[in-house]
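> based on what follows, work out the 3D shape:
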Amino acid sequence: MDKPRIFVLGIDGGSWNLIDRFISNGSLPNFKKLKEKGAWGNLISSLPPVTYPAWKCYSTGKNPAKFGVFAWVGIDFGKNRMEVYDSRDFKSKEIWDYLGEAGYSCGVINMPSTFPPKKINGFMVGDILSHMNMVFTYPPGLKKELIRSGYKIRPDYEFTLGFFEKALPEFKKTIKSQFDLALKKMPSTDFMHLTIFHTDQAQHFLWNFMDDEKSPYKGYLEEVWKEMDLNLGRLLKKLPKDTYLIIMSDHGFCMQKNVFYINKWLENEGYLVSKKDPVSLLSRLGINKERILIAVNALGAKGIIKSILPKKILEFYRRVPTKQNNIGVMGATASINWEKSKVISVGEGPIYINKNVVRTKKEYNQIRSELIKKLEGIKSPLTNGKAIKKVYKKEDIYSGEFYEKAPDLLALWEEGCEIRGYITQQKSCWAYDNQWKAHHKREGIFAFYGGG
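Below is the predicted model:
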């Protein structure tokens, strides 16, 4: 064996508590084989345990302050706006860059934070932010091959808004098509990385149905994992003797018990000041995100529409309220009074102090101390347990050239609680009736198999 090869299978949201449940009832024989004949254990995710920045922490081997992205969304206080990140915002070499420089060929498929794709010594296929009518591959000519083969970036339907029956076969097709590509390219690639992202989405929407005997969707999540196991079996059969298989996730999963609207809490406590966005008046006309998505999903055209609409219209759509009259964090820019707000969160943990308003070090330190004490003392009215496990100061968890860009505080939630960055018109900062039925926990999966 002149040089061993590596195949990394990334399973977004992979969690042993769920996998073991399906192993025990005989549904996942190949995952069972993996655990019996390989080495495995818990993976401890990044802070926060979210897709961005977790996958990039893996591929760079660095903490977020060394590549410049701390969550899906950041804040630009120079322009008083939320900013949504893509691959161009990550400023660091990755494992495939170093391997390519050493002469190894690499393939990267569907890892979150890889759109637009970049040049590597091999090929790269962009993540779920891309679409078939975009340039989503490197080299660009690979796109034609993928279209001919039936490759799918995402399902045409998702597990939301009443499209469960149509979504299940679409999820299976998407998973299979991504494995098909990886298996086809594996013999000519020294280092292969494949991420299956839609396990995460399925778990968010289907988790609670597993124990609901009356639900027609009771077995849906298990079916998604059976498809994963089927394709893992294909991979194990074709895995060359000189190839090591690494399986990992970016975080784990658990049942969601409640949602904490942190920006509403900040507003109630006097740290954030919101304002009426004219777009929010659409709710009075009965126009909301759910109704728009139902129409789009009925056409099976969500990805297509997203890819062809001008940026200004997409930004407008993000400002459209939900039926609960909430504005998602990506559309929250116009709903925040930036000249008066001292503290703003993007949800999922990061908390930023607005230094255009908080101008002295004394006030900055005072606000941080207040926030830590208050947030760590919050109890959920549903569980009467802590909602926030710990609040970290930036200097305790971040180091690197992008340190100044880092959030001033990072709140890590207790299992079962989601920290959401919505701007909401409701008085309470808590919600229970939420489309997501499960949320992230820090303990993910790691397994090592093969190599002869």
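> drop to CA atoms for contacts and neighbour counts, all remaining ones
Noted.
> spatially nearest residue to the spatially most central residue of the chain (excluding sequence neighbours)?
Nearest residue to the geometric centre of the chain (CA atoms, centre = their mean): residue 51, 3.4 Å. Closest residue to residue 51 apart from its sequence neighbours, by CA to CA, 6 or more residues apart in numbering: residue 250 at 6.2 Å.
> wait, the one you found sits on residue 11?
Yes. Between residue 250 and residue 11 there is a contact under CA atoms under 8 Å: 7.4 Å.
> compare these two (neighbour count), which wins?
Neighbour count, other CA atoms under 10 Å: between residue 250 and residue 11, residue 250 has more, with 33 against 25.
> what about the more buried one, distance to residue 65?
Separation of residue 250 from residue 65 (CA to CA, to the nearest Å): 18 Å.
> now swap in residue 224 and tell me
Separation of residue 224 from residue 65 (CA to CA): 35 Å.
> what's the answer for residue 103, then?
From residue 103 across to residue 65, the span is 29 Å (CA to CA).
> quick one on the thing from earlier: so the residue nearest to residue 51: helix, strand or coil?
coil (DSSP: H, G, I helix; E, B strand; the rest coil).
> so how far is residue 371 from it?
Here residue 250 is placed at a distance of 28 Å from residue 371 (CA to CA).
> go on, residue 188?
53 Å.
> same thing with residue 274?
As judged by CA to CA, residue 274 and residue 371 stand 19 Å apart.
> which stretches in the stretch 251-400 of the chain count as strands?
Remark: strands assigned in the stretch 251-400 of the chain by DSSP state E, counting those that start in this stretch are 252-255, 258-261, 326-327, 343-345, 350-353, 388-393.
> just checking: what are the partner strands of the last one?
Looking back up the chat, that one is strand 388-393. Looking at strand 388-393 with DSSP bridges, its partner strands are strand 409-413 (antiparallel).
> only alpha carbons, please: show the strand it pairs with as PDB.
These are the backbone C-alpha positions of strand 409-413, laid out as PDB (Å, rounded to 0.1, in the frame of the first residue of the first chain):
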ATOM      1  CA  LEU A 409     -20.800  36.500  24.100                       C
ATOM      2  CA  LEU A 410     -21.900  33.000  23.100                       C
ATOM      3  CA  ALA A 411     -24.900  31.400  24.800                       C
ATOM      4  CA  LEU A 412     -24.900  27.600  24.700                       C
ATOM      5  CA  TRP A 413     -28.400  26.200  25.200                       C
END
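> can you point out the buried residues in it?
Buried residues in strand 409-413, counted by 16 or more other CA atoms under 10 Å: 409-413.
> for the protein, name the helix or strand with the lowest mean pLDDT.
helix 302-308 (a mean of 49; mean pLDDT, DSSP states H and E).
> endpoint to endpoint, stretch 70-83 covers what distance?
Using CA to CA, the two ends of stretch 70-83 sit 12 Å apart.
> same thing with stretch 379-395?
Chord length of stretch 379-395, first to last residue, is 26 Å (CA to CA).
> next: stretch 101-116.
From its first residue to its last, stretch 101-116 covers 21 Å (CA to CA).
> what's the answer for stretch 249-256, then?
19 Å.
> also stretch 67-77?
19 Å.
> quick one: contacts of it?
Defining contact as CA atoms under 8 Å, 6 or more residues apart in numbering, one finds that stretch 67-77 is touched by 48, 50-53, 64, 81-85, 89-92, 329-330, 346, 348, 350, 352, 354, 356, 401-403, 405-407.
> neighbour count for residue 103 and residue 65, which is higher?
Legend: neighbour count by other CA under 10 Å for residue 103 and residue 65, higher for residue 65 (21 against 10).
> show me the shaky parts of this protein.
By pLDDT under 70, the weakly predicted segments of the chain are 1-2, 161-162, 277-330, 433-434, 452.
> break it down into its structural domains.
Domain segmentation of the chain under automatic domain parsing yields 5-255+440-450, 258-435.
> quick check: end-to-end length of the longest one?
Translated: domain 5-255+440-450. The first-to-last residue distance of domain 5-255+440-450 comes to 10 Å (CA to CA).
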